[in-house]
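> what's the 3D shape of this:
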Amino acid sequence: MKTKLKVLALTVMLSTTAAMAGESLVAIEGNYGVINVDQENSSTGLASNDNVNLAGLGVKIGAQSDEFRVFLNATYYGASDDDYDYVATYGAEIDYLIKPSPKYDIYLGFNAGMANIEQIDSLGVKRTSSDPYLGGSVGVNIHTTKTIDLELGGRMLFLDISNSRNNIKYTYNTIASAYASVIFKFTMD
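Modelled structure (predicted):
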C-alpha cells in the first residue's frame, strides 16, 4: 500500500508539472560517487563498513516550466569492487529552479525511485537486492546555448536495502555522487 501511494504521488506530481511545462528535456549524465555498505556476520559477530566507488552513466527525460522541472531517470553504475555485477537506479526527480542570472540556474531537487544491486560476495554467494530510495540534489544549470544546458551537481540517495544469506547480512545505506549532464531542450507547441 505504501509503495502504491508513492507511485500515485509521483504520477500526479509528474503529470501536473509536465502540463505546465514549456520545454521538453533530454539529458545524458555521467557521474562518480560511492555506495556505503555495512556487512555483519551473525555467527562470528564481526561487522564492517565499506565505501565502494561507483562510476555511472545515465539518461533523463523530462519537462521544464519557469520555476520547476521534472525528469524520469535511469542510471547504471560500474563499481570499483569486482564483487558488484551492477548497481542501477531508476526513478523520478523534481527540481525547483532559482534564477539569479539569465546565464544559469541553481536548482534544489527531490528524487525517488528504485535501486537494484547485484553482488557476488567473498563466499561466491550471488546477492540480488531491490528497494525504493529517496534523495536530494543540488547544483547549477548553465545555459550554454538556447537549446543546450550543462548541469553540474551533487546527489544523495538514501537506501535501506538489506540482504541476508548464510549468516552474513549486507546493508546498502547511501549513494552519494557528483555528476555532470548535457541537457538538450526542445520547445513544446
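> could you find the closest non-adjacent residue to residue 91?
residue 113 (1.5 Å; Cβ to Cβ, 6 or more residues apart in numbering). All C-beta atoms are positioned from the backbone trio N, CA, C, and that covers glycine.
> right, and that neighbour touches residue 94 too?
No - between residue 113 and residue 94 there is no contact, the gap being 12.0 Å when judged by Cβ atoms under 8 Å.
> before we move on, back to that, who does the residue nearest to residue 91 bridge with?
For residue 113, the beta-bridge partners are residue 91, residue 133 (DSSP bridges).
> so what's it up against?
By Cβ atoms under 8 Å, 6 or more residues apart in numbering, the residues touching residue 113 are 73, 89, 90, 91, 92, 132, 133.
> any quick ChimeraX command for the buried ones out of those residues?
The ChimeraX selection below is limited to those of the contacts of residue 113 classed as buried (16 or more other Cβ atoms under 10 Å):
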select :73,89,91,92,132,133
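> coming back round to it: okay, the residue nearest to residue 91: pLDDT?
Predicted confidence (pLDDT) for residue 113: 97.
> any idea which element residue 26 lies in?
strand 23-41 (DSSP states H and E).
> just checking: what are the partner strands of that strand?
strand 47-64 (antiparallel), strand 168-187 (antiparallel).
> how about a markdown table for those, with mean neighbour count, mean pLDDT and distance to residue 99 added?
As requested, these are exported to a markdown table (neighbours: other Cβ atoms under 10 Å; pLDDT from 0 to 100; distance: least, Cβ to Cβ, whole Å):
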| stretch | mean neighbour count | mean pLDDT | distance to residue 99 |
| --- | --- | --- | --- |
| strand 47-64 | 17 | 94 | 12 |
| strand 168-187 | 17 | 94 | 15 |
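> mean confidence (pLDDT) on stretch 144-157, please.
On average, the pLDDT along stretch 144-157 is 97.
> in that stretch, what counts as buried?
For stretch 144-157, a neighbour-count test (16+ other Cβ under 10 Å) marks 149, 151, 153, 155, 156, 157 as buried.
> now these as TSV including distance to residue 124 and secondary structure?
Output for the buried residues of stretch 144-157, formatted as TSV (distance: Cβ to Cβ, whole Å; DSSP: H, G, I helix; E, B strand; the rest coil):
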residue	distance to residue 124	secondary structure
149	45	strand
151	40	strand
153	38	strand
155	32	strand
156	32	strand
157	28	strand
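> got the contact list for the closest residue to residue 149 other than its chain neighbours?
Spatial nearest neighbour of residue 149, chain neighbours left out: residue 183 (4.2 Å); criterion: Cβ to Cβ, 6+ apart. By Cβ under 8 Å, 6+ apart, residue 183 lies in contact with 25, 26, 27, 60, 141, 148, 149, 150, 151.
> the second one pairs with what?
Spelled out, it's residue 26. Residues in beta-bridge contact with residue 26 (DSSP bridges): residue 61, residue 184.
> done for today, thanks.
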